[in-house]
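Enquirer: how does the following fold in three dimensions:
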Amino acid sequence: MSDREQIDGNDADRRSGAAVQSVDRALLVLEILAAQGSAGITEIADELGVHKSTVSRLVGVLEKRGFVEQLSDRGKYRLGFTVVRLAGATVAGQDLSKASQARCDALAEEVGETVNLAILEGDRAINIVEAAGAAGVSLRTWVGQASPAHATSSGKMLISELTSQELRERLGARLEKYTDNTITTYPALERNLAQAREQGWIVAVEELETGLHALAAPVRDHTSKIVGALTISGPAYRMPADRFDDLAARAVDVGAEISARLGYLPRLSRR
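Expert: Here you go, the predicted structure:
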């Protein structure tokens, strides 16, 4: 091997080593955000023991690819939905999905509308299970879809037990308006969530999309925590308000069945 070839080889090894180090640091950034929920550049730099400019470059690349996203009102970052989409490839093997798919299928067949099961990620409700009803008009829903928590029945159920401070920390300073019915103030949202806690289910009447109605019931784990929201949704003309009580009763029952499979015992509930 010539001296020139050896030098070129050494340069290649150094570049390869630097690339591996960058990948390792990027993965550590994701782990830090997963553990802390959100963090700023300075916090991440302190955790990694590197300069803030290094973290800024790493976060910039991760943000561009959707692995992280910035909380606009606080200057911090959290995991983005690319992580959720990648995780979706293994969702089918998780307990919540396995425990609910058959029951969602049966409920959708019974009521004739679309049934979903969603989990909370940041300020979004993510559908992890879907069962299509027999009705002719289908909705634009699919596994992996992310919807704003404050404007959907599933999202509101998933955040219904958060404190006032936790709500603001999770949802941010501004509640975006999607329709004339969207709840855009925290006092109104908190009243709506209090009603959900009282009656055990919640509705969204054209709050995300005009002409779309939905209702949700809780799914709890063995600790009594709400870990999922079972929703029934359909167009307003097929799901008028006078159907809500009957549909909600079925959603609550099926949500309780799924909860039982996750180890939830009502007598142990803290509520």
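
Enquirer: where does pLDDT dip in the stretch 1-150 of the chain?
Expert: 1-18, 72-74, 84-95, 135-142 (pLDDT under 70).

Enquirer: so where do the strands sit in it?
Expert: Using DSSP state E, counting those that start in this stretch, the strands of the stretch 1-150 of the chain run over 68-71, 76-79, 114-121, 124-131, 146-148.

Enquirer: contact partners of the fourth one?
Expert: Pointing back at strand 124-131 there. Residues outside strand 124-131 that contact it (CB atoms under 8 Å, 6 or more residues apart in numbering) are 81, 84, 88, 91, 94, 96-97, 100-101, 104-105, 107-109, 114-120, 141-149, 152, 154-155, 158, 228-229. Just so you know, the C-beta spots here come from the backbone N, C-alpha and C atoms, and that holds for glycine as well.

Enquirer: what strands line up against that strand, and which way round?
Expert: strand 114-121 (antiparallel), strand 146-148 (antiparallel) (DSSP bridges).

Enquirer: hey, which of those is tucked in deepest?
Expert: Of all these, strand 114-121 carries the top mean neighbour count, a mean of 25, counting by mean count of other CB atoms under 10 Å.

Enquirer: pull the CA atoms of it into PDB?
Expert: In PDB, the C-alpha atoms belonging to strand 114-121 read as follows (Å, rounded to 0.1, in the frame of the first residue of the first chain):
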ATOM      1  CA  THR A 114     -66.200   3.700  12.200                       C
ATOM      2  CA  VAL A 115     -64.600   2.700  15.500                       C
ATOM      3  CA  ASN A 116     -61.000   3.700  16.400                       C
ATOM      4  CA  LEU A 117     -58.800   3.300  19.400                       C
ATOM      5  CA  ALA A 118     -56.300   6.100  20.000                       C
ATOM      6  CA  ILE A 119     -53.400   6.900  22.300                       C
ATOM      7  CA  LEU A 120     -51.900  10.200  23.300                       C
ATOM      8  CA  GLU A 121     -48.600  11.500  22.000                       C
END
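
Enquirer: and the strands of the stretch 1-150 of the chain as CSV, adding distance to residue 256?
Expert: What follows is the strands of the stretch 1-150 of the chain, written out as CSV (distance: least, CB to CB, whole Å):
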stretch, distance to residue 256
strand 68-71, 34
strand 76-79, 31
strand 114-121, 13
strand 124-131, 16
strand 146-148, 24
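
Enquirer: of all the ones you listed, which one comes closest to residue 249?
Expert: Within those, the stretch nearest residue 249 is strand 114-121; the backing value is 14.3 Å (CB to CB).
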